[in-house]
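# Provide a 3D model corresponding to the input given below.
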Amino acid sequence: MDTSVNSDALKFELMGRLCGYFCDDCQTPLAGATIRLYSPAPQANTAALAAANPKETFDILSDEEVAAKQPRLLAEALVADDGAYRITLVGGKGGYQGGAFEVDVYCGTMPFKGPRPPRPNVQFSITTLQPMWRRGERTAQAVFDHCLSSRYWCAVLAQLGLWVICGRLTTCAKPQLPIHGATVKAFDVDWLQDDALGSATTDASGRFVIYYTRDDFDRTIFSPTINLEWTGGPDVYFRVEASGAPILVEPSSKGRTPGRENVGHCLCVKLCTDDVPNTSPEAEPHWTRVEAFNVHASAADPALNFLPEGYAGLPSQSFVFGGGVALFGNCPLFNAAAPSNPLKYRFLVAEWQWPGGGDGTAGVMPSVPPAAPPSPLAPNATWKLLPMVTGALPQGDIYYNDGVNPLASVAVRLLPDVQGFITLAGAGVNAPMSGGGSVLLNVSTANFLRSGLLGYMDSTTITAAHASRYPAWANDKLQAGRALTPAEQEPIRRYRVMFEVRDAVTDATLFVDTLDSIVLDNTPSVALLNIAELMANACNPIMGLTEIHALYTLDHPHLRNFGLTIHNNNGTVHSAPPMPNGAFPPVDYAFRGAASGATGPANAVDISADPVCAYSLNMGWITRHYVTGSQSRQVLYCKD
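Next up, the predicted model:
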């Protein structure tokens, strides 16, 4: 196929899925990572690199190598929860022309739902890719799927400073059935005291993943003065609980056996027990999590709870949510009191009302939000159907015989009806047969295995009920330095979400659960950057000057941090600090950025010692969205 295209006014879209293997039967999507595309280095043999196997081109980059590639960056995009990505390059004069590019992955934007890695800002190169573009009328598309082998993904984990255990818990007796909802705890055998490495809850297939760091297994009661495992890995054994009772207790001596002793950064295990409590996910409805965070606070998991103000995680994290937001829990298929009656469930949403909260608009929170509402929300008339979207994960799978495979499965992905309800029991799904064609299957207790997902909240539709305050002047970088007025700043908006289960025959409400506070946000950052000395002519070099003036405007209601830097091909020349910067912790809900104002001593940068070279003035920032990426602006200049 001809890979060249006429790129005039053409948009190029590269899409696919990225994942990494812990071992042959255990993989993870690279959720939250940033895929970055770079034009090839001038001296590179692009044709040879594009023809090479990615096994030969994989490379973990140093900070200096990443900085050196920055001027060649073409585009970047975040990877979704399921590993899917879509990245756009613009063609036309001066734009992308359809040729080869380098594909890198940056890990610093990953949410790291376990412990924060000691070295999060790892970037690695996968390959040089010449896409096979399929051209449409206005868009050319290509697909690149890649899953890192365990050798390479575990090498990345080592660079991050992370260890991982990926396992599966089943019954021992055949057929080995998955055990769902059990808590698996991992420990390291130590000379003086055993270290708790971490814990995880098994999913519907019995899978669990535990992340931990060296700090979790090299400490002693005398740490940090004396650590006993400066080299090597931990010696691992497990204990498993279900419904509060132990169902598998390995002796600590298990950690000294082959395969468990001095383990590397990736450990894959299969655990089994026949001591299974008589429980079932059909027992009762419950709503447990929003993404990774507990609907009902857990004293054992403070980092996974909601704060009273509606933020998720620890106060220093204070995550907010945007886009599609996963809601986890369970709705039984049938009413236990009337076994022939299916159950149905839905979610409702209501905005907090804030008397005196700024401009009086519903939902607007004061800049320092109180932990409790000034008064309860109005009655049910204020509740609205929570809009839902089809997400990457299904609510579960139907297992069936496709004519060859007796354990074939087909995903069940249902959207709400006009009243907002989802009814799983009896829902029909077309399932493919091995010999061709399909068969209509209906969800039943005999064939359905739930995933634990109830649905995906469409937070974009919820927040779109309010007009954006994004000022028109924010698209003009000549306005850099200008501060936003209070009327131009996007407010903080807080919501309540309700989970409701009804009998599908009688329409009687059987169960209601409410998350009192959650903060949703889908607003863009107001971000402008310029250099005062280039305002009249951006093409002029900086000649004979000893200082320049950085003009910047940055505003977002949920900003985590920002900083300005100056780089050349050798790396960072002026860092933050002393360049302008700011960060959210210690907790300050009024922190939302800064503006330099007009040219003056406060935004002057001394460049008298900088050698003749090409430079970039950069402004980077991160918001407090649960899955978010670093964003940046850049201004190029030359010093002669």
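
# can you give me the strands for the stretch 151-300 of the chain?
With strands called from DSSP state E, counting those that start in this stretch, the stretch 151-300 of the chain shows them at 163-170, 183-188, 195-201, 207-212, 236-242, 245-249, 266-272, 286-290, 293-294.

# what about residue 494, neighbour count?
Using other Cβ atoms under 10 Å, residue 494 has 23 neighbouring residues. Any C-beta I mention is one placed from the backbone N, CA and C, and that applies to glycine too.

# export the strands of the stretch 151-300 of the chain as JSON lines, with columns for mean neighbour count.
Converted to JSON lines, these look like this (neighbours: other Cβ atoms under 10 Å):
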{"stretch": "strand 163-170", "mean neighbour count": "23"}
{"stretch": "strand 183-188", "mean neighbour count": "22"}
{"stretch": "strand 195-201", "mean neighbour count": "18"}
{"stretch": "strand 207-212", "mean neighbour count": "20"}
{"stretch": "strand 236-242", "mean neighbour count": "21"}
{"stretch": "strand 245-249", "mean neighbour count": "14"}
{"stretch": "strand 266-272", "mean neighbour count": "18"}
{"stretch": "strand 286-290", "mean neighbour count": "20"}
{"stretch": "strand 293-294", "mean neighbour count": "21"}
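
# which ones are touching residue 189?
Contact partners of residue 189, counting by Cβ atoms under 8 Å, 6 or more residues apart in numbering, are 234, 235, 236, 237, 252, 253, 255, 256.

# strands of the stretch 451-600 of the chain, residue ranges please.
Using DSSP E, counting those that start in this stretch, strands in the stretch 451-600 of the chain cover 453-458, 492-503, 509-519, 526-531, 547-555, 559-568, 571-574, 581-583, 593-595.

# of those strands, which is nearest residue 540?
Proximity to residue 540 (Cβ to Cβ) singles out strand 526-531 among the strands of the stretch 451-600 of the chain, at 10.2 Å.

# what sits up against the closest one?
Under Cβ under 8 Å, 6+ apart, the answer for strand 526-531 is 470-471, 474, 476-482, 484, 488, 548-556, 564, 593, 617-619, 621, 631, 633-635, 637.

# of those, buried ones?
Using 16 or more other Cβ atoms under 10 Å as the burial test, these include 470-471, 474, 477, 479-482, 484, 488, 548-556, 564, 593, 617-619, 621, 631, 633, 635, 637 as buried.

# which SSE is immediately downstream of the one helix or strand residue 20 maps to?
In this assignment (DSSP states H and E), residue 20 forms part of strand 11-23. Next helix or strand after strand 11-23 toward the C-terminus (DSSP H and E): strand 26-29.

# follow-up on the earlier one: nearest to residue 606, of the strands of the stretch 151-300 of the chain?
Using Cβ to Cβ, the nearest of the strands of the stretch 151-300 of the chain to residue 606 is strand 207-212, at 43.6 Å.

# which helices and strands sit right next to that closest one?
Identification of packing neighbours for strand 207-212 by 3 or more Cβ pairs under 8 Å, 6 or more residues apart in numbering; DSSP states H and E yields strand 163-170, strand 183-188, strand 195-201.

# run me through the strand neighbours of it, direction for each.
strand 163-170 (antiparallel) (DSSP bridges).

# what's the angle from the strand it pairs with to strand 266-272?
Relative orientation of strand 163-170 versus strand 266-272 (axes from the mean of the first three to the mean of the last three Cα atoms, to 10 degrees): 20 degrees.

# kindly export strand 163-170 (C-alpha atoms) in CSV.
Extracted in CSV, the C-alpha atoms of strand 163-170 (Å, rounded to 0.1, in the frame of the first residue of the first chain):
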residue,chain,number,x,y,z
TRP,A,163,7.4,-4.0,41.9
VAL,A,164,4.2,-5.7,41.0
ILE,A,165,2.4,-9.0,41.8
CYS,A,166,-0.2,-10.2,39.3
GLY,A,167,-2.2,-13.2,40.3
ARG,A,168,-5.4,-15.2,40.0
LEU,A,169,-7.4,-16.8,42.9
THR,A,170,-9.6,-19.8,42.1
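
# so residue 212 touches residue 116, yeah?
No. In this structure, residue 212 is not within contact of residue 116 by Cβ atoms under 8 Å, at 11.4 Å.

# for the strands of the stretch 451-600 of the chain, give me CSV that also has mean pLDDT and distance to residue 103.
Output for these, formatted as CSV (pLDDT from 0 to 100; distance: least, Cβ to Cβ, whole Å):
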stretch, mean pLDDT, distance to residue 103
strand 453-458, 93, 28
strand 492-503, 92, 37
strand 509-519, 92, 35
strand 526-531, 95, 26
strand 547-555, 94, 30
strand 559-568, 92, 22
strand 571-574, 88, 23
strand 581-583, 90, 31
strand 593-595, 94, 32
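
# looking at those strands, which is nearest to residue 347?
Closest among the strands of the stretch 451-600 of the chain, using Cβ to Cβ: strand 492-503, at 5.8 Å.

# hang on, the earlier thing: just put the helices and strands packed on strand 207-212 in JSON lines and tack on mean pLDDT.
As requested, the helices and strands packed on strand 207-212 are exported to JSON lines (pLDDT from 0 to 100):
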{"stretch": "strand 163-170", "mean pLDDT": "92"}
{"stretch": "strand 183-188", "mean pLDDT": "91"}
{"stretch": "strand 195-201", "mean pLDDT": "86"}
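
# nearest to residue 97, out of those strands?
The nearest among the helices and strands packed on strand 207-212, by Cβ to Cβ, is strand 163-170 at 40.5 Å.
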